[in-house]
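> coordinates for the following, if possible.
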Amino acid sequence: MTQQDRSAERSGSDLPDAVDDDASIEDTGNVSQTEPVDLTVESRAHGWRLDHYLSRLFGNHSRAQLQRAIESGQVTLNGLNVKPSRRLRVNDRIHMALESAEERHFLPEDVPLDIIYEDDALVVVNKAPNMVVHPGRGSYSGTLAAALQFHFDKLSDVGGRHRPGIVHRLDRDTTGVILIARDNQVHQKISRQFENREVKKEYRAIVRGIPELDADFIRTHVCVHSRTREKMTVCAPGGRSREAVTFYKTAERFGRFAYMELHPHTGRTHQLRVHMQHIGTPIVADRLYIGEERFTTGHLVGRPLEGETLIARQALHAFRLTISHPVSGKPITFEAPLPADFTAALTALRESAG
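Numbering: from 1, shown residues only. Have a look, this model is predicted:
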């Protein structure tokens, strides 16, 4: 067994691909009713419990709240009252009439977007740092969803009206390529490519330490951390763990740091951050996983608490993504240039090593 294949003896909650990274959602109060919401179940959610699915879409509601709403008939599936544990099928229709007080503030916002590509089927955005993809858990302003609602008249609503066009997600502080579907048919086609692992993804990262091998696959299982529910961790197979596979290549070395190319073959929550930490080379300035809020010029000389801040977020960027175009079927690749803070950190590392 290789270093990359070793896993800890833990298990935890099952988290599906390309959805929220909410590890647990607490009961936050009463649910108020307002205008109805209609949803169509996408292919990746086939087999999920109804209450689990809704808690993923509406993170500001607790799962307990949603279970009560389902049991009281405020939520129907294909026109019928069902149990919260009912398993979903593709294209099931969900009707619900509940919205929290916070959701009423989910309004379009004139937030600038860096558009990489746009046609009648797709919009591709280079997501900025410190931008939450969709509202929830206290993040109700400045989201990508609010910006999309402002800039585009019509986008898919498969994920609900508070996730317009959003097919997949990136963490708040991860920058780079994110796809937006203009209609539901396009959304379903792209979702199917993610589900079938046909999408080619390449990330760039700066890590602390040098990997043992120039290039290798990391194959583990991951689950929610047993003590810190916001985190994921490598764990033993079985139970509710999920397999996670990443190919990495060391692009450059800078003494005690390295510049990495990362190719996730699966799409687990926090997968790249967990895998890099697992092999002993955590991503720099990752406050959640290594407790480090910034990467400074002091790091270059062994004094991390000193010096000028180079990057104040995890140094992870979704650099390139290739799909089959949902209309033409031809391969198409989207690339987002490295952001300024990432480039500044990389330049400082090259200068210090040179």
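> what's across from His95 in the sheet?
Note on His95: beta-bridge partners by DSSP bridges are Asp38, Thr76.
> how many other residues sit next to it?
A count of nearby residues for His95, using other C-beta atoms under 10 Å, gives 14. Where C-beta positions appear, they are placed from N, C-alpha and C, glycine not excepted.
> how about Ala345?
26.
> helix, strand, or coil at the nearest residue to Glu252 once chain neighbours are set aside?
Excluding its sequence neighbours, the residue lying closest to Glu252 (C-beta to C-beta, 6 or more residues apart in numbering) is Tyr259, at 4.1 Å. Tyr259 carries the three-state label strand when classified by DSSP: H, G, I helix; E, B strand; the rest coil.
> surely Tyr259 touches Ile210?
No. Tyr259 sits out of contact with Ile210 when judged by C-beta atoms under 8 Å, with a separation of 10.7 Å.
> can you check which residues contact both of these two?
Common contacts of Tyr259 and Ile210 (C-beta atoms under 8 Å, 6 or more residues apart in numbering): 250, 253.
> who's more crowded, the two?
A direct count of neighbours by other C-beta under 10 Å for Tyr259 and Ile210 places Tyr259 higher, at 19 against 16.
> what about that one, distance to Ala205?
8 Å (C-beta to C-beta, to the nearest Å).
> again with Leu170
In terms of C-beta to C-beta, Leu170 sits 13 Å off from Ala205.
> neighbour-wise, which of the two wins?
Ala205 (26 against 20).
> hang on, that one packs against Gln271?
No. The criterion here is C-beta under 8 Å, and Ala205 misses it with Gln271 at 11.9 Å.
> would you map the helices across the stretch 201-350 of the chain?
Under the criterion DSSP state H, counting those that start in this stretch, the stretch 201-350 of the chain carries helices at the ranges 271-278, 287-290, 340-353.
> out of these, which comes closest to Gly176?
helix 340-353 (9.6 Å; C-beta to C-beta).
> for the closest one, the averaged confidence score.
Mean pLDDT, helix 340-353: 95.
> swap in stretch 167-180?
94.
> same deal with stretch 117-135?
93.
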